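In: Curious how this folds, go ahead:
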Amino acid sequence: QVQLVESGGGRVQAGDSLTLSCVGSGRTFRNYAMGWFRQAPGKEREFVAAISWSDSTTNYADSVKGRFTISRDNAKNTAYLQMGSLKAEDTAVYYCAADEITTPRAMAIMTRHDYEGQGTQVTVSS
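Out: Residues are numbered from 1 along each chain as shown. You can find the predicted model right below:
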């Protein structure tokens, strides 16, 4: 069974940092772009960041540029999202996703993914 499992969420204060992890299992994610999306209460799911398999090309939503960094360790089938200078509006459930043979730019507008995790809650108090 192929799974993506997120971890690292929690409750922090505005201005704090937090790092999320997404571990894939059940297959290798070679040639899969990996990304992070989030959904706040009462809002639609939105793109946060994505990274390619091969050359680590990245793409970020404007709202997180300069504050968040996506990375991956292909040997560990793991993607990370380092979040800094957190704001109350970053509060959401964060989901990890993986899509085969796509680009980080294309992943930003995809609404369905080959694989998706169950999410991890991030709460930022102001």
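In: got the contact list for stretch 83-95?
Out: 6, 9, 12-20, 36-40, 43, 45, 48, 63-64, 67-69, 81, 116-126 (C-beta atoms under 8 Å, 6 or more residues apart in numbering). Glycine gets a C-beta too; all of them are placed from N, C-alpha and C.
In: Recalculate using a threshold of 7 Å.
Out: Here stretch 83-95 makes contact (C-beta atoms under 7 Å, 6 or more residues apart in numbering) with 6, 9, 12, 14-20, 36-40, 67-68, 116-117, 119-124, 126.
In: Give me the nearest residue to the spatially most central residue of the chain, chain neighbours excluded.
Out: For the chain, Trp36 is the residue whose C-alpha lies nearest the centre (C-alpha atoms, centre = their mean; 2.0 Å). The shortest distance from Trp36 to any non-neighbouring residue, by C-beta to C-beta, 6 or more residues apart in numbering, is to Val48 (4.3 Å).
In: what comes up buried for the helix or strand of the chain with the lowest mean pLDDT?
Out: Least confident helix or strand, the chain: helix 104-107 with a mean of 92, by mean pLDDT, DSSP states H and E. By 16 or more other C-beta atoms under 10 Å, the buried positions in helix 104-107 come out as 104, 107.
In: bridging residues for Ser25?
Out: On the basis of DSSP bridges, Ser25 is bridged to Gln3.
In: from what I can see it touches Gln3, true?
Out: Yes - with contact defined as C-beta atoms under 7 Å, Ser25 reaches Gln3; the gap is 5.1 Å.
In: ok, and the closest non-adjacent residue to Ile101?
Out: Asn31 (5.6 Å).
In: got the contact list for that neighbour?
Out: Taking C-beta under 7 Å, 6+ apart, one finds 53, 100-101 in contact with Asn31.
In: would TSV of these with pLDDT be doable?
Out: Shown next, in TSV, are these (pLDDT from 0 to 100):
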residue	pLDDT
Trp53	89
Glu100	93
Ile101	79
